[in-house]
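Trainee: The following block contains a protein sequence and its predicted model.
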Amino acid sequence: MLEAKNINKTFKRGRNTVQAVKGTDILISAGERIYIHGPSGAGKSTLLHLLGGLTQPTSGEVIFRGSDIYKLKDKRRSSIRNRNFGFVFQFYHLLPELNVLENVMLPARIKGGKKVSEIRENAYKILNKVGMEKRVLHRPAEISGGEAQRTAIARALVNNPEVLFCDEPTGNLDSERSGEIYKLLHNISEDRSMSVVVVSHQEVKEDFFHVEYIMKDGVLERRSGRHREDKVEGLGLNAPGSDDTLPVGV
């Protein structure tokens, strides 16, 4: 569904050149959950932004449903980000002047095509799904970090995306709240057959992801993976595959 082919990203910092992403290939299938981890400065967030249509690669292709998204006009690429992709970031990026419900409605209002009453009803249903139905009229300053992240997830889901990109989604949360967020993302992914790409320097439990990668100095390596149809007993997840490291794009 989404594939990167030999993508590279180089930045200029004064007189120096920094290659943040080096010759990376990655394939993301429908309903697949991918976990990319590594130290700070490894290029994880840059890679996520390249995959999500947020940052133009220096070279290479990002193919979504047969089209290189960076060869499309800006308006079409923006439409894909709004309609097909969802984004969850570490710092939530909720608008402080809007309440929880209004924040979640916003991407659907931008997308258009539905009555405000329909958008409001759908947003409320999603907030109910993420356990925020009792906080819909509160503003971001009046809710906890975990509640803010649940709100951000609901906002990312309101247009029913095919791929959800998560950049350090639990970086500001304690271990208990982090576990709740990953359980929520897992359940929603299963319900909707939605692909999820998580980049983080934190450890994520193996029963969350289908494929694990590590990124260091701009180079992506596949660490482990399993077939989605192979179930882990008692969890309804896929069985672990090989632990052999497979270089990707190097």
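Mentor: Done, it's in.
Trainee: all contacts plus neighbour counts: C-alpha atoms, from now on.
Mentor: Will do.
Trainee: Quick check: next helix or strand after the helix or strand that Asn82 is a member of?
Mentor: According to DSSP states H and E, Asn82 maps onto helix 74-83. Heading C-terminal from helix 74-83, the first helix or strand you meet, by DSSP H and E, is strand 85-89.
Trainee: elements contacting that following strand?
Mentor: Strand 85-89 sits against helix 145-157, strand 163-167, with contacts defined as 3 or more C-alpha pairs under 8 Å, 6 or more residues apart in numbering; DSSP states H and E.
Trainee: For Gly31, find the nearest of the ones you listed.
Mentor: With C-alpha to C-alpha, the closest approach to Gly31 among these belongs to strand 163-167: 8.3 Å.
Trainee: can I have the helix ranked longest in the chain written out in PDB, keeping just the CAs?
Mentor: As assigned by DSSP state H, the longest helix anywhere in the chain is helix 175-192. Output of helix 175-192 as PDB, limited to C-alpha atoms (Å, rounded to 0.1, in the frame of the first residue of the first chain):
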ATOM      1  CA  SER A 175       4.600   3.600  31.600                       C
ATOM      2  CA  GLU A 176       1.000   2.900  32.600                       C
ATOM      3  CA  ARG A 177      -0.400   5.500  30.300                       C
ATOM      4  CA  SER A 178       2.000   4.500  27.500                       C
ATOM      5  CA  GLY A 179       0.700   0.900  27.800                       C
ATOM      6  CA  GLU A 180      -2.900   2.200  27.500                       C
ATOM      7  CA  ILE A 181      -2.100   4.200  24.400                       C
ATOM      8  CA  TYR A 182      -0.400   1.300  22.600                       C
ATOM      9  CA  LYS A 183      -3.300  -1.000  23.500                       C
ATOM     10  CA  LEU A 184      -5.700   1.600  22.100                       C
ATOM     11  CA  LEU A 185      -3.700   1.900  18.900                       C
ATOM     12  CA  HIS A 186      -3.500  -1.900  18.500                       C
ATOM     13  CA  ASN A 187      -7.300  -2.400  19.000                       C
ATOM     14  CA  ILE A 188      -8.200   0.400  16.500                       C
ATOM     15  CA  SER A 189      -5.700  -1.000  14.000                       C
ATOM     16  CA  GLU A 190      -7.300  -4.400  14.200                       C
ATOM     17  CA  ASP A 191     -10.800  -3.000  14.000                       C
ATOM     18  CA  ARG A 192     -10.100  -0.900  10.900                       C
END
